[in-house]
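J.: I'd like to go over a predicted model; first the sequence, then the structure.
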Amino acid sequence: MKAEYINPFLESAKIVIEQVIQIRPSTGQLGLKDIKFVENYIWIQIGLNGQMNGDIVFGLSEEVALKMVSAMMGGFVISEIDEIGRSAISELGNMISGNASTMLFNQGVRVDITPPKVIHSATAAGFVATQALTVPLIMEGIGVLDIQVLVAS
């Protein structure tokens with residue numbers, strides 16, 4: 001597993017979040033950690049196929065998701081993650097991953113991404129316990145978005 005695989009997703013996430021949510025996130029500590037799917041969390045899973053195979057997973061608490069969706073909707077306060085909220089979070093993951101795949105392509109790494117899958121419960125995730133490269137993005141006044149890269153090759 002190469003640490004440089006996470007950098008395009010990290011850079012893309014910063015750019016997209018700044019454009020869509022109007023906040024410049026700061027980067028937490030890069031690390032290797034066990035993936036634990038906990039309840040009251042939302043996961044956005046995007047498959048990677050090509051020269052890189054695996055998944056990119058964005059994890060955020062429901063509270064952070066609500067704040068992000070509210071910001072994406074111009075400040076309209078969202079009190080629950082409904083179909084529109086899931087769609088907004090899904091699109092955020094899609095934008096980040098699409099930009100990251102373009103960055104990877106420009107670095108000579110060809111990769112296709114699958115449409116995002118929003119997972120709202122740990123049991124629905126279907127992942128076996130594994131380790132991933134992870135880095136938190138800290139958004140002032142909103143919370144933390146975890147970026148986790150699970151790369152098979």
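T.: Arrived safely, thanks for sending.
J.: and the helix or strand bottoming out on mean pLDDT in the chain, what does it pack against?
T.: For the chain, the helix or strand with the lowest mean confidence is strand 31-34, at a mean of 78 (criterion: mean pLDDT, DSSP states H and E). Here strand 31-34 touches strand 131-139, going by 3 or more C-beta pairs under 8 Å, 6 or more residues apart in numbering; DSSP states H and E. Quick note: C-beta positions are derived from backbone N, CA and C, even for glycine.
J.: just checking, what packs against the strand it packs on?
T.: Using 3+ C-beta pairs under 8 Å, 6+ apart, strand 131-139 sits against helix 6-21, strand 26-27, strand 31-34, strand 143-151.
J.: report the backbone C-alpha coordinates of the longest helix along the chain in PDB.
T.: When the chain is parsed with DSSP state H, its longest helix is helix 83-106. Extracted C-alpha coordinates of helix 83-106, given in PDB (Å, rounded to 0.1, in the frame of the first residue of the first chain):
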ATOM      1  CA  GLU A  83     -33.100  11.000   0.300                       C
ATOM      2  CA  ILE A  84     -32.000  14.600  -0.600                       C
ATOM      3  CA  GLY A  85     -29.300  14.500   2.100                       C
ATOM      4  CA  ARG A  86     -28.000  11.100   0.900                       C
ATOM      5  CA  SER A  87     -27.900  12.400  -2.600                       C
ATOM      6  CA  ALA A  88     -25.900  15.500  -1.600                       C
ATOM      7  CA  ILE A  89     -23.400  13.400   0.400                       C
ATOM      8  CA  SER A  90     -23.200  10.900  -2.400                       C
ATOM      9  CA  GLU A  91     -22.500  13.700  -4.900                       C
ATOM     10  CA  LEU A  92     -19.800  15.200  -2.600                       C
ATOM     11  CA  GLY A  93     -18.000  11.800  -2.700                       C
ATOM     12  CA  ASN A  94     -18.500  11.600  -6.400                       C
ATOM     13  CA  MET A  95     -17.000  15.100  -7.000                       C
ATOM     14  CA  ILE A  96     -14.000  14.400  -4.700                       C
ATOM     15  CA  SER A  97     -13.300  11.000  -6.400                       C
ATOM     16  CA  GLY A  98     -13.800  12.300  -9.900                       C
ATOM     17  CA  ASN A  99     -11.300  15.000  -9.300                       C
ATOM     18  CA  ALA A 100      -8.900  12.600  -7.700                       C
ATOM     19  CA  SER A 101      -9.100  10.200 -10.600                       C
ATOM     20  CA  THR A 102      -8.200  13.000 -12.900                       C
ATOM     21  CA  MET A 103      -5.200  13.900 -10.700                       C
ATOM     22  CA  LEU A 104      -4.100  10.200 -10.700                       C
ATOM     23  CA  PHE A 105      -4.400  10.100 -14.500                       C
ATOM     24  CA  ASN A 106      -2.200  13.200 -14.800                       C
END
